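Engineer: fold the following, please.
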Amino acid sequence: MGDHFNSLRFLLISALIVMVGVIITSMVGMAIREELKGMAKPTLIFLLLFTSTGKLFSFVQFIGFFGPLLGIFLGFDSINRERVSRTLSKLVSQPIYRDSIINAKFLSGVAIIAIILAATVLLISGLGIRLVGVVPGAEEVSRLFIYVVISLLYISFWLGISILFSVIFRSAATSALASLAIWIFFSFFVSLGASVLSDAVAPISQTASGVDAEMLIRHERIQRLTSLVSPMTLYSEATTTILDPMRKTTRTLILMGPLERFSMSRFQSPLPLLESIFIVIPHIISIVAITLLCFGICYLVFMRQEIRTV
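Structural biologist: Residues are numbered from 1 along each chain as shown. Okay, here's the model as predicted:
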């Protein structure tokens, strides 16, 4: 952690995240204040500071897209830098367990990520209270806490990816490029491939009677299942559902009849926190699983490598 705190990279990344978060919150907070001027403030309005897009994008979307870069920048040279500078062999020669090295590299990065996320969310919350004039309730605080935990697991996955490449490759530039290539693949090509695959397997054809509902459902199911391969899709669906109590499902397409739409419009109310958690439990378990799997592979590769003392 001392290496991270003393590095210029940590200061630049922290300043960037805080600056963007403050800008987004200021824009969204002023817009909400103007819309609620002279009106009774509704409940759960505080969460809109994190989910409203404003003129650019929401804070949740920003963390979902650029959060992996935080994990990559913290871990892409954690092992090969020690190897190149000849400090890894000296570290191994000390009377410490070898797995303590890789565990410390990962856990220190996780601690740094937790500090950045917690500080940013608290700063945004304080600024939002001043702009909107609404103090968050217990349920809103609980939802924000769960959001921070999910974000921590999500960015820790990318930290594990970067440390894994740092163990495999001797060059820091190579490990950084490999980590960025994985990030670009999951950011852009998975969604593009899901769209192409769904169009090829279940093409939507326009007929005289309209769109075939069965084919449309099959098309959306294939596209959604393919998109779930990406950790970004898991993260975005989980966090959006947690921070939006009005959202009843993670699916984007829901076919309802007129009576169902009428019933939903009359009895629409926010979901309790536990029901929102039950909806996203599969997403959270998947994020935890891929994070542990990634670090487990990194752990095994590091423990089996030969480190020569000089």
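
Engineer: tell me the helices and strands packed up against the helix or strand containing residue 163.
Structural biologist: Assigned by DSSP states H and E, residue 163 falls within helix 138-168. Identification of packing neighbours for helix 138-168 by 3 or more Cβ pairs under 8 Å, 6 or more residues apart in numbering; DSSP states H and E yields helix 59-75, helix 80-84, helix 99-132, helix 172-184, helix 231-243, helix 273-304. For every residue, glycine as well, the C-beta is placed using N, CA and C.

Engineer: quick one: average confidence on the longest one?
Structural biologist: Helix 99-132 shows a mean pLDDT of 89 in the predicted model.

Engineer: okay, the angle between it and helix 138-168?
Structural biologist: Angle between the axes of helix 99-132 and helix 138-168 is 140 degrees (criterion: axes from the mean of the first three to the mean of the last three Cα atoms, to 10 degrees).

Engineer: same check, this time on the first one
Structural biologist: Helix 59-75 and helix 138-168 are oriented at 30 degrees to each other (the same axes, to 10 degrees).

Engineer: what's the answer for the fifth one, then?
Structural biologist: Following the same axes, to 10 degrees, one obtains 170 degrees for the angle between helix 231-243 and helix 138-168.

Engineer: packing partners for helix 231-243?
Structural biologist: For helix 231-243, the elements it packs on are helix 48-51, helix 59-75, helix 138-168, helix 190-201, helix 273-304, judged by 3+ Cβ pairs under 8 Å, 6+ apart.

Engineer: where does the stretch 51-200 of the chain dip in pLDDT?
Structural biologist: For the stretch 51-200 of the chain, applying pLDDT under 70 flags the ranges 54.

Engineer: mean neighbour count for the helices and strands packed on helix 138-168 - can I get that in a markdown table?
Structural biologist: Output for the helices and strands packed on helix 138-168, formatted as a markdown table (neighbours: other Cβ atoms under 10 Å):
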| stretch | mean neighbour count |
| --- | --- |
| helix 59-75 | 22 |
| helix 80-84 | 18 |
| helix 99-132 | 17 |
| helix 172-184 | 17 |
| helix 231-243 | 23 |
| helix 273-304 | 16 |
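
Engineer: in CSV, list those along with distance to residue 192.
Structural biologist: What follows is the helices and strands packed on helix 138-168, written out as CSV (distance: least, Cβ to Cβ, whole Å):
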stretch, distance to residue 192
helix 59-75, 15
helix 80-84, 32
helix 99-132, 28
helix 172-184, 11
helix 231-243, 13
helix 273-304, 21
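
Engineer: you'd agree residue 55 is in a helix?
Structural biologist: No - under DSSP: H, G, I helix; E, B strand; the rest coil, residue 55 sits outside any helix and is assigned coil.

Engineer: okay, now the closest residue to it other than its chain neighbours: neighbour count?
Structural biologist: Nearest residue to residue 55, sequence neighbours excluded (Cβ to Cβ, 6 or more residues apart in numbering): residue 27, at 6.0 Å. Residues near residue 27, counting by other Cβ atoms under 10 Å, number 16.

Engineer: which of the helices and strands packed on helix 138-168 sits closest to residue 53?
Structural biologist: Using Cβ to Cβ as the measure, helix 59-75 is the one of these that comes nearest residue 53, at 7.1 Å.

Engineer: next, the angle from that closest one to helix 273-304.
Structural biologist: Using the same axes, to 10 degrees: helix 59-75 against helix 273-304 is 20 degrees.

Engineer: circling back: for the helices and strands packed on helix 231-243, give me a markdown table that also has distance to residue 237.
Structural biologist: Converted to a markdown table, the helices and strands packed on helix 231-243 look like this (distance: least, Cβ to Cβ, whole Å):
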| stretch | distance to residue 237 |
| --- | --- |
| helix 48-51 | 13 |
| helix 59-75 | 10 |
| helix 138-168 | 11 |
| helix 190-201 | 13 |
| helix 273-304 | 6 |
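
Engineer: closest one to residue 10 among those?
Structural biologist: Nearest to residue 10, of the helices and strands packed on helix 231-243 and by Cβ to Cβ, is helix 59-75 at 7.6 Å.

Engineer: against which helices or strands is the closest one packed?
Structural biologist: Going by 3+ Cβ pairs under 8 Å, 6+ apart, helix 59-75 lies up against helix 8-35, helix 48-51, helix 99-132, helix 138-168, helix 172-184, helix 231-243.

Engineer: mind checking which of those is nearest residue 202?
Structural biologist: Taking Cβ to Cβ, helix 231-243 is the member of the helices and strands packed on helix 59-75 nearest to residue 202, at 18.9 Å.
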